[in-house]
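Student: With the input below, show me the fold.
(one chain, ligands or ions: 1)
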Amino acid sequence: MSVTPIKTTPIANQKPGTSGLRKKTRVFQEPHFLENFIQSIWTGIGGAQGKTFVLGGDGRFFNTDAIQIVLRMASANGAARVIVGQNGLLSTPAASHLIRKRKADGGIILSASHNPGGPDGDFGVKYNIANGGPAPESVTSAIHTATEEISAYRTMDTPDVDLSLTGIAQLGRMEVEVVDPVADYAALMEEIFDFDAIADLFKSGFRMRFDAMHAITGPYAKLILENRLGADKGSVVNAIPLPDFGQGHPDPNPIWAKDLVDTMMHVDGPDFGAASDGDGDRNMIMGRGIYVTPSDSLAAMAANATFVPAYKGGLSGVARSMPTSLALDRVADKLGIECHETPTGWKFFGNLLDAGRATLCGEESAGTGSDHVREKDGLWAVLFWLNVLAVRKCSVADLMGEHWQTYGRNYYSRHDYEGIDGGIANDLMQGLRAKLSTLPDTIVAGLRVQAADEFAYDDPIDGSRTEAQGIRIHFHGGARVVFRLSGTGTVGATLRVYLETYATDDLGQDAQEALAPVIQAADKLAMIVERTGRKRPTVIT
Ligand code: G16
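Tutor: Model prediction:
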C-alpha cells in the first residue's frame, strides 16, 4: 500500500466563497480538481500529520466517490484518524458537534448546501476548524494560496473503505472510524430541549409537517420528531436522502418548499410546519396560515429563549449578519444585551460564540444557531420553536402577533437576480459605491436617505478587518436597502437586494406591498432594470 505523489499544476478559481468551495459537480469531477483542493486544505492548515478529522457529506451525487478520495488522501498525508458518518453521511450541524465532542483537529464537509445536486447540479467542500465552525478568512486564504502554488498531491492506491457498517477500519496507518451520523446529535438535542414538554404537546393532538426535501435531515427528523417525540408517523415527508434531492432544489423557502407552504396555508393545515436544506443547517418555520421570515424567527427565538432549558439563564448576547433585519436589535435592546452585526457567512460568528459574547445568532438566509455547535442548525431551530410553543401553549400566529405588538414589525424581503453577467454585476456595485457620499438627505422614490455606506467588519475578538461586505442605505423612518453579490453561486453573479421597512401599526400587510416604496427606491439607486435588463427578480423570498 504505497503512497503515491501525483504531479499536478494549480487550477484557477479555487478560492473558497461565503461557505467553502462550490462549483458545478462536473467541475469537481475533472481530473485533479478535488484532489488539488483537498491537498491545499492540508497545506493551508499546516499539514495533516498525526491529526484527527471528521468527514461526511449531505449525500448528494459524487459524495460517495469524493469521501473515498478524501480518505485516501488523509491517510497518504499522515492523518491518524478520520471519523466518518456511516455511508459517508453527516449533516453540517452534526459534523460540527462531532468535531467538538471528539476534540478533532477539524473536519471536511462535502456539500453545496441548498444548491441543487446531481451530475448537472452543484458540489462543494467546506473545511471546519477545531471549534467545529467554518474556517475563518485567515485559514481560507491560506488554503487559496496553496491552490495557487500546488505542484503535487499525495494519495494511495487502495480499495474503497466499506462505510456501510459502523466500527473501525484501517486504511494504511490511519484508522477510519465509521459512526452513526444521528446518535450523538440526537443526544445533544435531548440535553438542550425539554423533550417531555414537546412529547406532551404531540400527545395533546398538535400536528406538524417537516419537509426534509429529500436531503440529509430526513433520518435525523424521523428519529427525533417521530420516534422520540411522538409526532404522528408521516409528519416527516421527503425523508429519504437522494443523490439529486428528487430533482428538487433543497432550499427551505416559500419558493422551493411550495408544497409545504400550500399545506400550511390551508384552513385545516397542521399547527406547525418546517423544512430544512441539503446539508441540514438551514430552516424554514411556518404556522397554520403564517410564514415566519428567518429574521423574524431569529428575533422571536431571542425573545422567548428563556422558555428553553438550555437558555433559561438568559442570553449573553446575540448576533446577526448585516443584511438580516433589525428585528433582532429591538429584542436585544429590550433585554439589555449586546447585538453584533457581522458580514454574511457563519464563519464570522465563531469568535463571538467562542468568547461567550453571543449565545444565539442568525441570518436572513434561513440560518439560526446557538453556542451548542459552531454552525447554523436547521433541526435545532425546529425543536426550539416546538419547545417554546409547548411551554407557551399558543399558536405560531399568536406568538408572532404578540411579538409585533411588542416590538413593531420589520417587514422584510430579499430579491435575487441570479445568473447575471459578472461584469455587469460588478459595475452595478461600483456605480453604487461611487455615489454613496452624495446620497444622505436626498429623496429617492419618496424616501429620504439617512445614511449610506459600504459595510466593513472589525472583529472585536481577533481584531481582523473584513471590507466590502455590502452596500447599505438607511432611510428616515427605519427602512433600509442592502445590495451585495452572493458568494455561493456557481453560475455568473447573483445580485441580492435585501429590503426592509419598519411599522408599529398596520401589522398585517402583505410584505411586498409594505415594501413597495423601498423596492422602487432600490431600483432607482442601483438602476437594476436598466443595467441587467431584468424586469423582475429571479427569486423573491
Ligand atoms: C451560506 C453561508 C451563510 C450565508 C449563505 C448565503 O449558507 O453559510 O452564512 O448566509 O450561504 O450566502 P451568499 O449570500 O453569499 O450566497 P449555506 O447554507 O449555503 O452554507
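
Student: Spell out which parts of the stretch 1-150 of the chain neighbour the ligand.
Tutor: The stretch 1-150 of the chain has residues 18-19, 113-114 near the ligand, with proximity defined as C-beta under 6 Å from any ligand atom. In this view, the C-beta of every residue, glycine as well, is placed from N, C-alpha and C.

Student: Neighbour count and secondary structure for the residues you listed - can I get that in a markdown table?
Tutor: As requested, these are exported to a markdown table (neighbours: other C-beta atoms under 10 Å; DSSP: H, G, I helix; E, B strand; the rest coil):
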| residue | neighbour count | secondary structure |
| --- | --- | --- |
| Thr18 | 17 | coil |
| Ser19 | 25 | coil |
| Ser113 | 27 | coil |
| His114 | 25 | coil |
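
Student: Can you name the residue of the stretch 101-250 of the chain nearest the ligand?
Tutor: Ser113 (3.2 Å; C-beta to the nearest ligand atom).

Student: so what's that residue up against?
Tutor: With contact set as C-beta atoms under 8 Å, 6 or more residues apart in numbering, Ser113 has these partners: 19, 22, 58, 92, 124, 277-279, 281-282, 488.

Student: check which helix or strand covers Arg26.
Tutor: Here Arg26 sits within helix 25-28, counting by DSSP states H and E.

Student: For Ser96, give its distance to the ligand.
Tutor: To the ligand, Ser96 is 12 Å away according to C-beta to the nearest ligand atom, to the nearest Å.

Student: What's the local residue count around that residue?
Tutor: Around Ser96 sit 29 other residues, with neighbours defined as other C-beta atoms under 10 Å.

Student: before we move on, what about Leu89?
Tutor: Leu89 has 25 nearby residues by other C-beta under 10 Å.

Student: got it, and Pro10?
Tutor: 14.

Student: could you say which helix or strand contains the closest residue to it other than its chain neighbours?
Tutor: Distances taken as C-beta to C-beta, 6 or more residues apart in numbering place Glu148 nearest to Pro10, at 5.1 Å, with adjacent residues excluded. Here Glu148 sits within helix 137-149, counting by DSSP H and E.

Student: just checking, what packs against that helix?
Tutor: helix 33-44, strand 122-129 (3 or more C-beta pairs under 8 Å, 6 or more residues apart in numbering; DSSP states H and E).

Student: now the ones you listed in CSV, with mean pLDDT and mean neighbour count?
Tutor: Converted to CSV, the helices and strands packed on helix 137-149 look like this (pLDDT from 0 to 100; neighbours: other C-beta atoms under 10 Å):
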stretch, mean pLDDT, mean neighbour count
helix 33-44, 98, 23
strand 122-129, 97, 26
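
Student: in the helix or strand of the chain with the lowest mean pLDDT, what counts as buried?
Tutor: Ranked by mean pLDDT, DSSP states H and E, the weakest helix or strand in the chain is strand 3-7, scoring a mean of 89. Going by neighbour count (16 or more other C-beta atoms under 10 Å), the buried part of strand 3-7 is Val3.

Student: Not counting it itself, show me its contacts.
Tutor: Outside strand 3-7, the residues within contact range by C-beta under 8 Å, 6+ apart are 32, 35, 76, 151-157, 172.

Student: Please indicate which of those has the highest neighbour count?
Tutor: Of the contacts of strand 3-7, with other C-beta under 10 Å as the count, Ala76 tops at 27 neighbours.

Student: Could you pull up the contacting residues of it?
Tutor: 3-4, 154-156, 172.

Student: Kindly report the same for Ala79.
Tutor: 48-53, 174.

Student: That one in helix, strand or coil?
Tutor: Classification of Ala79 by DSSP: H, G, I helix; E, B strand; the rest coil places it in coil.

Student: Chain neighbours aside, what residue packs nearest to it?
Tutor: Ala48 (4.4 Å).

Student: State the pLDDT value of the one you found.
Tutor: Ala48 carries a pLDDT value of 98.

Student: and what of Gly278?
Tutor: 95.

Student: Need phi/psi at Leu360.
Tutor: phi -110, psi 140 (degrees, to the nearest 10).

Student: What distance do you get for it to the ligand?
Tutor: Taking C-beta to the nearest ligand atom, one finds Leu360 at 15 Å from the ligand.

Student: Can you tell me how far that residue is from Pro136?
Tutor: Separation of Leu360 from Pro136 (C-beta to C-beta, to the nearest Å): 20 Å.

Student: between these two, who's got more neighbours?
Tutor: Leu360 (27 against 19).

Student: ok, that one to Gly47 distance?
Tutor: Distance from Leu360 to Gly47, by C-beta to C-beta: 36 Å.

Student: Equivalent analysis for Ala257, please.
Tutor: 42 Å.

Student: Could you do His474 as well?
Tutor: 47 Å.

Student: domains for the protein, by residue range?
Tutor: 3-181, 185-407, 409-540 (automatic domain parsing).

Student: circling back to that earlier point, of His474 and Gly47, who's got more company?
Tutor: His474 (20 against 12).
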